[in-house]
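**Q** With the sequence up front, the predicted model follows.
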Amino acid sequence: MTYRISVDPEVCISSGKCVADAPDLFRFDDEDIAELVPDAAQPSDTAQLELARTCPSGALRIHDADSGKEIDIF
């Protein structure tokens, strides 16, 4: 299974952890909410899981890249 990470902007608290940990993948939008950098290469599945698990607000979501189904990371 291949994963795809996303950001739930309704849950993001703008801590900046994802931007600091993966600046090639995340940035802040005009409202200081994390978003994916367009056309950024997705990191390994292991790296995506680590990013999502360490997000202070739980705003990072992991999905099956083929089905789009959200994966329970805990």
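**A** Everything's here; your move.
**Q** next helix or strand past the longest helix along the chain?
**A** Longest helix of the chain, by residue count under DSSP state H: helix 45-53. Counting by DSSP states H and E, the element after helix 45-53 in chain order, helix or strand, is strand 60-64.
**Q** What lies in contact with stretch 43-50?
**A** With Cβ atoms under 8 Å, 6 or more residues apart in numbering as the contact definition, stretch 43-50 has outside contacts at 1, 2, 3, 4, 5, 22, 25, 42, 51, 62, 73. Where you see a C-beta, it was placed from the backbone N, CA and C, and this is true even at glycine.
**Q** Next: stretch 66-74.
**A** 1, 2, 3, 49, 52, 53, 61, 62, 63, 64.
**Q** what are the ranges of the helices in the chain?
**A** Ranges of helices in the chain, per DSSP H, are 17-21, 45-53.
**Q** Out of the ones you listed, flag the one nearest residue 37.
**A** Among these, helix 17-21 comes nearest to residue 37, with 9.7 Å by Cβ to Cβ.
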